[in-house]
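S.K.: kindly generate the corresponding structure for this input.
(2 chains)
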There are 2 protein chains.
Amino acid sequence: MDKYRVIEVKEAVRANNDRRAAELRAAMKERGQLLINLMSSPGSGKTTMLTRTIEALAPEMRIAVMEADIDSDVDAATISATGTRVIQLHTGGMCHLDAAMCEQGLEGLGADEADLIVLENVGNLVCPAEFDTGAAVNVTILSVPEGDDKPLKYPLMYEVCDVVLVNKIDVLPYFDFDLDKCRANVEMRHPGARVIPICAKTGEGMDEWFQWLRDQVAAIKA
Amino acid sequence: MDKYRVIEVKEAVRANNDRRAAELRAAMKERGQLLINLMSSPGSGKTTMLTRTIEALAPEMRIAVMEADIDSDVDAATISATGTRVIQLHTGGMCHLDAAMCEQGLEGLGADEADLIVLENVGNLVCPAEFDTGAAVNVTILSVPEGDDKPLKYPLMYEVCDVVLVNKIDVLPYFDFDLDKCRANVEMRHPGARVIPICAKTGEGMDEWFQWLRDQVAAIKA
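M.R.: Purely as a prediction, here's the structure:
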C-alpha cells in the first residue's frame, strides 16, 4: 500500500485568488495552524532542508507536508520515509500553485491536527511568486551555487518572501558567492527580510531556522 | 553611451505561436543563421558558459546574443564586455519567451550577418519549455548542484531539448550527483539527446560542445 496519496490539483480563476487566499489564511489562523509556502529554484535543496527540519522538530510539534510537482513523486517518497504525513500534488504541467490548489491539497492531506504544514511549491523562481497560496509566510531558498545575484534577476520572489535561507554554505569556498552582497540584494527587494545561511546537509545554521519556526508556530496560536 | 539596447518584449496570442515559430525557423534556415534557445534553472551557469563559448568561437564565426530576463541587465552587461553584439530583452514579469518575443528581439538585435545567434531564455525549467521560440535547436544546462533527478521532475524541458550540458562537473566530489543516472534520466525523456559534461569555469569538456556547435552552424548553411 502507498504511504502517501497523489492528487491532481486544478487552478481557480485568477481574479478570485487574492480573496480565496485571504480567507484560507484567516481560517488557518483560526485553527492555530501555521502554513508555510516554501519556494526556490529547482535543486536548491527544499526537500533536504525540509527532511532535516522534520527530524529536528517532530518531537516537539506536529508537522505535515504538501509536495507540489509537475509529474514525479520523488519528493513525497523522501518525506514519507521520515514517517511524516505527506501528500503529493500534481499540477499537470502548471508552473505554480494558487490558493484553490492549496485548499485542495489541504483537504487531501487531512492534517487538521498539525501545528505546522509546509507547502513545497514547484521549483521555479518566477511564477510561484505571483500567486498568493494563502500561506501565513513565504520562505525561499537560495543555494550558493546559484549565485548572489538572484534577487536582482527574480525581483518578485524576493519581494514576497519573509525569509531567505541561503543553503549549501559548505561549498562557499568553491563558488564566487558573496554573502554580504547577497544580504544587500535581498534587503533591496524586501527591507527587513530575514536571511539565514544554512547547510541542510551538515546542519550548520539550522538552529536559527528552527527557532524562527518555533516562534512562528507560537505566534499563530496566540 | 550604453553598449547594448534594452527592449520590452510582448507575448503574442498563444494559438498562433507554433505557426509563427515554424515560419521564423524556416526564415533563419533560409538566411543560413543558427538560432539556439538556451534554457535552464536560475544560476546553472548559462551566461558563464556562453561567455566561454564566445571567447573560443568568435575568431571563426560571427556570434550575437539575446539575453532575456524579467528585470535586470546583469547578463547583457557580462556578454557586452566580450565585445559581442548583444541585446537585453525584458519580459515584464513573463516567465518565458515565445516566437513573437524572439522575433522582436531579433529585430532589435539587428544581427543579419551573424552565423550563430543564442537566445538565453529566462531561468526557469517549466514555462520556457512550453513555447516554441522558433530556434533550430533547444539546449539546456543542468548543473551538478541541482541534482541528477531533474529530468524526472521537469519532464517537458528534457523532452524538448536536443542537448543537455551537465555543468559544474568540477564540484562533482562535493555533491551526490550520479552522472550515469543523469544520462539514463535524460535518455528516458528524450531518446538520443546528447549529454555533454562540462565545466564552463575551467573549460573541461567544452571542446565537444564547440564541435557540436560548429557542426550545427555548417548544417544550417548546407
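
S.K.: ok, A:Lys153 - contacts?
M.R.: Neighbour list for A:Lys153: B:42, B:69-72, B:74, B:123 [criterion: C-beta atoms under 8 Å, 6 or more residues apart in numbering or on different chains]. To be clear about C-beta, it is placed using only N, CA and C from the backbone, and glycine gets the same treatment.

S.K.: one more pass at 6 Å, please.
M.R.: By C-beta atoms under 6 Å, 6 or more residues apart in numbering or on different chains, the contact set of A:Lys153 is B:69, B:72.

S.K.: pLDDT weak spots in chain A?
M.R.: Applying pLDDT under 70 to chain A flags the ranges A:1-2, A:11-14.

S.K.: quick check, central residue of it?
M.R.: For chain A, the residue nearest the mean C-alpha position is A:Leu38 (1.1 Å; C-alpha atoms, centre = their mean).

S.K.: assumed A:Asn138 was part of a helix.
M.R.: No. With DSSP: H, G, I helix; E, B strand; the rest coil as the criterion, A:Asn138 is assigned strand and is not in a helix.

S.K.: just to revisit the earlier point, backbone phi and psi for the residue nearest to the centre of chain A, please?
M.R.: Backbone geometry at A:Leu38, expressed as degrees, to the nearest 10, gives phi -100, psi 120.

S.K.: bridging residues for it?
M.R.: For A:Leu38, the beta-bridge partners under DSSP bridges are A:Glu120, A:Val139.

S.K.: distance check, it against B:Asp180.
M.R.: To B:Asp180, A:Leu38 is 30 Å away according to C-beta to C-beta, to the nearest Å.

S.K.: try A:Leu179
M.R.: For A:Leu179, the distance to B:Asp180 equals 34 Å [C-beta to C-beta].

S.K.: next one: A:Phe177
M.R.: The span separating A:Phe177 from B:Asp180 equals 29 Å under the rule C-beta to C-beta.

S.K.: name the residue in the two with the higher neighbour count.
M.R.: For A:Phe177 versus B:Asp180, neighbours defined as other C-beta atoms under 10 Å in any protein chain shown are more numerous around A:Phe177 (22 against 8).

S.K.: that one contacts A:Asp149, doesn't it?
M.R.: No. With contact defined as C-beta atoms under 6 Å, A:Phe177 does not count as touching A:Asp149 (9.6 Å).

S.K.: got a list of what A:Tyr174 touches?
M.R.: Counting by C-beta under 6 Å, 6+ apart, the residues that A:Tyr174 touches are B:Val171.

S.K.: now what about stretch A:124-135, what contacts it?
M.R.: By C-beta under 6 Å, 6+ apart, the surrounding residues in contact with stretch A:124-135 are A:18, A:21, A:24-25, A:35-37, A:39, A:41, A:95-99, A:102, A:121, A:154, A:156-157, A:160, B:42, B:95, B:124, B:126.

S.K.: likewise stretch A:45-61?
M.R.: Contacts with stretch A:45-61, where a contact means C-beta under 6 Å, 6+ apart, come from A:38, A:40, A:63, A:75, A:78, A:82, A:84, A:115-116, A:120, A:141, A:143, A:167, A:200, A:210, A:217.

S.K.: same check, this time on stretch A:200-218
M.R.: With C-beta under 6 Å, 6+ apart as the contact definition, stretch A:200-218 has outside contacts at A:34, A:45, A:48-49, A:52, A:56, A:61, A:115-116, A:167, A:170, A:196-198.
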